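Trainee: here you go, sequence then predicted model.
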Amino acid sequence: MSELHEYGVWAPKATRMRVVAEGESVEMARGEGGWWHALAPAGDYGFQIDDDVAIRPDPRSRRQPRGVHEPSRVWDASAHRWSDGDWRGRPIAGGVIYELHVGTFTPEGTLDAAAAKLEHLRGIGVTHVELLPMNGFNGTHNWGYDGVAWFAVHEGYGGPDAYQRFVDAAHGAGLAVVQDVVHNHLGPSGNYLPLFGPYLSSEGRSTWGEHINLAEPAVRRHILDNVRFWFEEMHVDALRLDAVHALHDESEVHLLEEMAIETAALAAHLGRPLELIAESDLNDPRLITPREGGGYGLDAQWSDDFHHGVHVALTGETEGYYADFAPLSALAKALERGFFHDGTYSSFRGRDHGHPIDLERSLSWRLVVAAQNHDQIGNRARGDRITEALDESQLLCAALLLYAGPFTPMLFMGEEWAASTPFQFFTSHPEPELGKATAEGRLEEFERMGWDPAVVPDPQDPATFERSRLDWSEPEGGRHARVLEGYRQLAALRRELEALTEPHYARNRVEVDEERRVLRLVRRAGTADAVEIVINVGREPQAVPVMKRRLRFQTHPDVAVGDELTLPPGSGALLD
């Protein structure tokens, strides 16, 4: 006789529910709050709603072995023998995050293959490995933001067992794991949640579809339980919360604040730091303001203003949302004040945007910044990296501002060796009409940026996915090896020099010379000696007076220090 398993599902509007497990159909009993329960054989299963004969996957499925349209499978998270009992966690403060997409990070595109690269990440100072969304989606490959099975790990990556092995290996290597989660929308294929209950709101839509119904307590609980799932069952250390500005919540206590409350309580229980990082385009410090100060109490948030300032300074590109960042002073303001748009007029949005950070009370590590990331590369028309536009010295200037700047640096996979492979937007929707709609939607998105639609790759073309895989032979020589060595040197300096992880805004000073296109950043930490970072983004060599004389890092071999610091075009230096 098969082992029995207790099944439960929330279906408040159903008049009848059956669970079909291992081919046996069992009537379910209705309980409190719209929950239904039954004992049935453990194994592959699904639910029949009312008198519909179709078998639907579990909204809380832990495993979808044959895809998001097929039955779920019982999976026991406790079966894994964890070896991370001595792991005490690693807070974001002072850390370095590395963002990767499992499917393109290695030739194999699996979690087990990714685990074999962890020592490489340690060599460039990485402390946190951030995985793009891993939950179930329809098709074989996808960025992950079209997921529908929030509790299941995509089988193509190895499924939930491989996920636990990866986290175990990361902790064994001294690395924390950050999981990117999407709670603001559901993908267009395999979303059966509305058949079970009011998961979606009829009031308003985001760019990606109908709002999640956060007015329904059971839906909020669904999301909060998903947060706990990653921390408890998968042992992750932090969550990156995708596009929180699309979480439409009019409750007295915002869902994000509820997440922070439960995460803090769970961290106290587990005895290790658990953190929440928000992705938001609002430039609103309320997200990272402690609850005691009237904020939501999240630990960190992404800030695109640093990226835009660095990108424009080094590439000269000023189309679309880059326009406001043309002056070098825009980058200087982002370095000094966290946000460039902190209530200022945004020409791209056509309105004032953002709010100022309280520089006296906030800490700079709470902003996660990047010179490259999956959005800023993949959402370009060709998915091209800045590697195509910049030489070695300029790429290392971007790295210098990341590692030596005041914020938490985040690297995107392959940038540490100037990877030549693009990261393009790719999908594998089996439904022809959905694939066509996705491709057409991408073309419409780029019209506003002024990019040529003729160069936009077809997301459904398998070659688009294949082009985006990293080439791990590149770091072995030439330009790639030299850039990688620069990243390793910067990682060592970040560990050595206290000023480079100093979190107080007031201990940074930024000066710019717009005419000569030179930026100087001075960083101090308590009684420690100051560190001086100088970047020449202009087209002419510059001789710059400096306070310090010891050259600790240079992006170009012709950088020299004597009475003044000599910087070739597109070069930088760190002195102490």
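Mentor: Okay, I see it. Numbers count the residues shown, from 1 in each chain.

Trainee: contacts, neighbours, all on C-alpha from now
Mentor: Fine.

Trainee: check the gap between M28 and G204 for me.
Mentor: From M28 over to G204 the distance is 34 Å, taken as Cα to Cα, to the nearest Å.

Trainee: with neighbour numbers in mind, choose between the two.
Mentor: Just comparing M28 and G204: by other Cα atoms under 10 Å the higher neighbour count belongs to M28, 21 against 10.

Trainee: any idea how far D529 is from V219?
Mentor: Taking Cα to Cα, one finds V219 at 52 Å from D529.

Trainee: these two: who's more crowded?
Mentor: V219 (18 against 14).

Trainee: next one: phi and psi at the nearest residue to the more buried one once chain neighbours are set aside?
Mentor: For V219, ignoring the flanking residues on the chain, the nearest one in space by Cα to Cα, 6 or more residues apart in numbering is Y199 at 5.9 Å. The phi and psi values for Y199, taken as degrees, to the nearest 10, are phi -70, psi -30.

Trainee: is it correct that I49 is in contact with L193?
Mentor: No. I49 lies out of contact with L193 (Cα atoms under 8 Å); the separation is 11.5 Å.

Trainee: what is the neighbour count of the residue nearest to V219?
Mentor: Counted with other Cα under 10 Å, Y199 comes out at 22.

Trainee: for it, give me the pLDDT.
Mentor: Here, the pLDDT recorded for Y199 equals 97.

Trainee: how close does it sit to N191?
Mentor: Applying Cα to Cα to Y199 and N191 gives a distance of 10 Å.

Trainee: name the helix or strand of this structure that has the lowest mean pLDDT.
Mentor: In the chain, no helix or strand scores lower on mean pLDDT, DSSP states H and E than helix 432-447, which sits at a mean of 79.

Trainee: which residues touch that one?
Mentor: R380, A381, T427, S428, H429, D452, P453, V456, D458, P459, Q460 (Cα atoms under 8 Å, 6 or more residues apart in numbering).

Trainee: at 7 Å what do you get?
Mentor: A381, H429, P453, D458, P459, Q460 (Cα atoms under 7 Å, 6 or more residues apart in numbering).

Trainee: list the buried residues of the helix or strand just after it.
Mentor: Going down the chain from helix 432-447, the next helix or strand is helix 462-467, by DSSP states H and E. Buried residues in helix 462-467, counted by 16 or more other Cα atoms under 10 Å: T464, F465, E466, R467.

Trainee: do the same with stretch 114-131
Mentor: By neighbour count on 16+ other Cα under 10 Å, the buried set for stretch 114-131 is 114-115, 118, 121-122, 124-131.

Trainee: where does pLDDT dip in the protein?
Mentor: For the chain, the stretches with pLDDT under 70 are 1, 447-450.

Trainee: so where do the helices sit in it?
Mentor: Taking DSSP state H as the test, the helices found in the chain are 102-105, 111-115, 118-122, 159-172, 193-196, 217-232, 255-270, 304-315, 328-337, 374-378, 392-404, 432-447, 462-467, 478-496.

Trainee: can I get the first one as PDB, trimmed to CA atoms?
Mentor: What follows is helix 102-105 as a C-alpha-only set of coordinates in PDB (Å, rounded to 0.1, in the frame of the first residue of the first chain):
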ATOM      1  CA  VAL A 102      21.900  29.400 -13.900                       C
ATOM      2  CA  GLY A 103      20.800  28.400 -17.400                       C
ATOM      3  CA  THR A 104      23.600  30.500 -19.100                       C
ATOM      4  CA  PHE A 105      26.200  30.600 -16.400                       C
END
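
Trainee: would you map the strands across the stretch 51-200 of the chain?
Mentor: Applying DSSP state E, counting those that start in this stretch to the stretch 51-200 of the chain gives strands spanning 72-73, 97-100, 128-131, 135-136, 149-153, 176-181, 200-206.

Trainee: minimum distance to V537: which of the ones you listed has it?
Mentor: strand 97-100 (25.7 Å; Cα to Cα).

Trainee: show residues contacting that closest one.
Mentor: Outside strand 97-100, the residues that touch it by Cα under 7 Å, 6+ apart are V126, T127, H128, V129, E130, L131, L132, P409, M410, L411, F412, M413.

Trainee: pick the most buried one from the strands of the stretch 51-200 of the chain.
Mentor: Most buried of those, by mean neighbour count (mean count of other Cα atoms under 10 Å): strand 135-136, with a mean of 28.

Trainee: thought W36 was touching G8?
Mentor: Yes. With contact defined as Cα atoms under 7 Å, W36 and G8 form a contacting pair (5.5 Å).

Trainee: so which of those two has more stuff around it?
Mentor: More crowded of W36 and G8, by other Cα under 10 Å: W36, with 22 against 19.

Trainee: which ones are touching the more buried one?
Mentor: Residues counted as contacts of W36 (Cα under 7 Å, 6+ apart) are G8, V9, W10, M28, A29, R30.

Trainee: can you tell me which of these is nearest N138?
Mentor: Closest approach to N138 among these (Cα to Cα): V9, at 22.0 Å.

Trainee: wait, that closest one touches W35, no?
Mentor: Yes. Taking Cα under 7 Å as the definition, V9 is a contact partner of W35 at 5.6 Å.

Trainee: which one of those two has more residues nearby?
Mentor: Set side by side, V9 and W35 show more neighbours around V9, with 19 against 16, by other Cα under 10 Å.

Trainee: what's the spacing between that one and S25?
Mentor: Using Cα to Cα, V9 is found at 15 Å from S25.

Trainee: can you check I223 too?
Mentor: Separation of I223 from S25 (Cα to Cα) stands at 29 Å.

Trainee: quick one, which of those two is more surrounded?
Mentor: Neighbour totals were compared for I223 and S25, and I223 leads with 19 against 16 (other Cα under 10 Å).

Trainee: which residues touch that one?
Mentor: Contact analysis of I223 by Cα under 7 Å, 6+ apart lists H183.

Trainee: change the start of the numbering to 24 and stick with it
Mentor: Will do, 24 is the new start, and the previous item becomes I246.

Trainee: if I look at it, how far off is A288?
Mentor: Taking Cα to Cα as the measure, I246 falls 16 Å from A288.
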